[in-house]
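Sharing a sequence plus its predicted fold:
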Amino acid sequence: MSSGTRSTSAARTATVPKPSAGGTGTASAKRVRTAVYFLHDGKVSAVPRTVTAPATATAALHALLAGPSRFEGHRGRTTAVPSGTELRSVDVQGRLATVDLSERFLDDGGGPSMRARLAQVVFTLTRFPTVRKVAFEIDGKPVRYFGPEGVVLDGPVGRADFEDLSPAVLVESPLIGDAVRTPLRVWGSADTFEAEFRLRLTDVSGHRAADVPVRATSGTGTRGTFDVTFPYRAVRTGPGLLTAYFVSPEDGRPVTVDTVPLAVNR
């Protein structure tokens, strides 16, 4: 499998800036853009949030617990985290985040729902490069079994432990509702056949402004990353849609795996 990102001749790779998860400090407060992870068709989906540094991890979790906005909800974003769940604390040490949540987090949770809410917390915290894995506590006590069906966590968990809840292509930027201009940069992770998929951008008129092939750093059972930039030609400015899809190796049909509503500028 080839390593590195390949796309159309117009695409190029770029570095990916990410915020720190710092939980304490004396630096003056500043606004930091990050993302929290809700669900879209049962898979994790990143949505934008702006938090205040240095307590960015704490602020991101508070934003997650608050749930999707009306705009996001109308576009299919949901949450498995029970309303009323409280964040007791979060401590980041040595790339491990220990999260203490109220007992409400355990309510209304069968196996799939419990795994989904755990994944939402894990993806939200590991958005920060200073966090690799997450350990969970409930009301100050470490928890190994979650929910009536006994979801078992043998120790700290990371994104790889919830691969079944990741879409085949997880777009991490741009995020839902973002205003974009040409050239458009898109980055995220993917696990598709031979690491290949496509990105299509349509504008408010339904015009296909761009449709480019992308190759992630790995695929076919191993999640890789991608980071591409490509030009587009929109007919009109207004609401648009970024679609990640792959062509089925079985019947040649396009299979949509993720969609991100955007404000597309001409």
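Thanks, I have the structure now.

what residue ranges in the stretch 51-200 of the chain score low on pLDDT?
109-111, 149 (pLDDT under 70).

mind redoing it with 80?
108-111, 147-150 (pLDDT under 80).

Could you pull out the helices in it for me?
56-66, 70-73, 111-126 (DSSP state H, counting those that start in this stretch).

out of those, nearest to Gly150?
Smallest distance to Gly150 across those (C-beta to C-beta): 8.0 Å, for helix 111-126. Just so you know, the C-beta spots here come from the backbone N, C-alpha and C atoms, and that holds for glycine as well.

before we move on, back to that, can you list the helices of the stretch 51-200 of the chain in JSON lines and add distance to Ala46 and mean neighbour count?
Formatted as JSON lines, the helices of the stretch 51-200 of the chain follow (distance: least, C-beta to C-beta, whole Å; neighbours: other C-beta atoms under 10 Å):
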{"stretch": "helix 56-66", "distance to Ala46": "11", "mean neighbour count": "21"}
{"stretch": "helix 70-73", "distance to Ala46": "11", "mean neighbour count": "13"}
{"stretch": "helix 111-126", "distance to Ala46": "8", "mean neighbour count": "22"}
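
Pipe those into a markdown table and attach distance to Lys141 per row.
What follows is the helices of the stretch 51-200 of the chain, written out as a markdown table (distance: least, C-beta to C-beta, whole Å):
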| stretch | distance to Lys141 |
| --- | --- |
| helix 56-66 | 18 |
| helix 70-73 | 33 |
| helix 111-126 | 16 |
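
Looking at the ones you listed, which is nearest to Thr243?
Nearest to Thr243, of these and by C-beta to C-beta, is helix 70-73 at 17.6 Å.

does Val212 sit in a helix, a strand or a coil?
Here Val212 is strand, with the state taken from DSSP: H, G, I helix; E, B strand; the rest coil.

pretty sure it is in contact with Phe230, am I right?
Yes: under the criterion of C-beta atoms under 8 Å, Val212 makes contact with Phe230 at 4.9 Å.

In the helix or strand hosting Val32, which residues are buried?
Taking DSSP states H and E as the criterion, Val32 maps to strand 30-40. By neighbour count on 16 or more other C-beta atoms under 10 Å, the buried set for strand 30-40 is 32, 34-40.

What lies in contact with it?
19, 44-53, 56, 60, 63-64, 67-68, 72, 76-80, 116, 119-120, 123-124, 127-128, 167, 172, 175, 258-259 (C-beta atoms under 8 Å, 6 or more residues apart in numbering).

May I have the beta-bridge partners of the nearest residue to Gly76 once chain neighbours are set aside?
Nearest residue to Gly76, sequence neighbours excluded (C-beta to C-beta, 6 or more residues apart in numbering): His40, at 5.3 Å. Beta-bridge partners for His40, by DSSP bridges, are Lys43, Arg77.

same question, Val247
Beta-bridge partners of Val247, as defined by DSSP bridges: Pro254.
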